[in-house]
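# only geometry, no sequence info:
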């Protein structure tokens with residue numbers, strides 16, 4: 001790619017990203033978002049393009065980052081664009097999204113919004129770690145392409161895309177307290193516009209039993 005094509009492509013991405021997919025054009029919002037036991041994180045303004053050097057990106061929707069969720073890019077040659085996207089200027093993006101929970105993670109949904117070169121849609125997976133140190137991996141076997149628009153980016157054909165992956169962890173016997181969802185670009189010149197991460201947790205059986213005892217106590221006091 002010539003230097004002129006690179007400049008044209010950069011101008012195209014910067015000019016179009018704010019109008020075509022500022023955040024998500026179509027987001028796959030789980031029905032349980034906002035319910036008891038659910039947590040929601042969103043990234044739309046990125047500050048770190050190099051996770052090795054500059055560390056993580058914290059969720060945009062947290063006024064004071066808790067450290068319970070973080071997003072890193074470990075791909076080389078990335079920069080922060082003028083619209084605060086992570087742009088894979090020198091190579092494919094390699095995104096790692098981590099979250100830590102206070103109870104057993106049962107369901108996970110991640111939404112991803114990108115522009116330019118497309119991501120590797122079949123190479124997304126979730127790693128999990130249990131409270132006892134057990135760990136495992138679940139591939140993103142199925143995904144939902146919620147929005148896809150082919151576009152010319154000043155010298156190459158790419159796309160605006162909104163894609164989501166759902167992971168059902170309910171059949172795993174471990175008490176899952178840490179998750180990591182990884183995805184990557186197929187080539188240089190992919191721009192990461194937004195990511196949202198929803199996690200639904202369930203109390204441990206012992207906690208449910210305690211809740212039942214507490215409820216019985218409350219009913220007894222009301223009868224008195």
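Yep, that arrived. All values derive from a computational prediction rather than experimental measurement.

# quick one: the helices in the protein, in order.
Along the chain, counting by DSSP state H, helices occupy 3-20, 51-54, 205-223.

# quickly, which of these bottoms out on average pLDDT?
Across the helices of the chain, helix 3-20 has the smallest mean pLDDT, namely a mean of 46.

# residue 41 pairs with what?
residue 197 (DSSP bridges).

# contacts only, for it.
Contacts for residue 41 (Cβ atoms under 8 Å, 6 or more residues apart in numbering) come out as 59, 61, 62, 68, 69, 99, 196, 197. C-betas here are computed from N, CA, C, even on glycine.

# which among the residues you listed count as buried?
Using 16 or more other Cβ atoms under 10 Å as the burial test, these include 59, 68, 69, 99, 196, 197 as buried.

# let me have these in JSON lines, extended by distance to residue 38.
Listed next are those as JSON lines, based on distance: Cβ to Cβ, whole Å:
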{"residue": "59", "distance to residue 38": "14"}
{"residue": "68", "distance to residue 38": "13"}
{"residue": "69", "distance to residue 38": "13"}
{"residue": "99", "distance to residue 38": "12"}
{"residue": "196", "distance to residue 38": "12"}
{"residue": "197", "distance to residue 38": "11"}
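
# now the two most distant members of the residues you listed.
Spanning the widest gap among these are 68 and 196, at 14.7 Å by Cβ to Cβ.

# neighbouring contacts of stretch 174-183?
Residues contacting stretch 174-183 (Cβ under 8 Å, 6+ apart): 94-102, 104-105, 108, 110, 112, 119-120, 123-132, 134, 136, 165, 167, 169, 197, 199, 204.

# can you check stretch 29-39 too?
By Cβ under 8 Å, 6+ apart, stretch 29-39 touches 40, 68-69, 99, 101, 103, 107, 109, 166, 198-203.

# end-to-end on it?
Stretch 29-39 stretches 12 Å from its first residue to its last (Cα to Cα, to the nearest Å).

# most widely separated two among the contacts of residue 41?
68 and 196 (14.7 Å).

# what about residue 45, how many neighbours?
12 (other Cβ atoms under 10 Å).

# quick check, it in contact with residue 84.
Yes: at 4.3 Å, residue 45 counts as touching residue 84 under the criterion of Cβ atoms under 8 Å.

# quick check: neighbours shared by those two?
Going by Cβ under 8 Å, 6+ apart, no residue sits against residue 45 while also sitting against residue 84.

# tell me the buried residues in stretch 148-165?
Neighbour-count burial for stretch 148-165, counted by 16+ other Cβ under 10 Å, picks out 153, 154, 158, 159, 160, 161, 162, 163, 164, 165.
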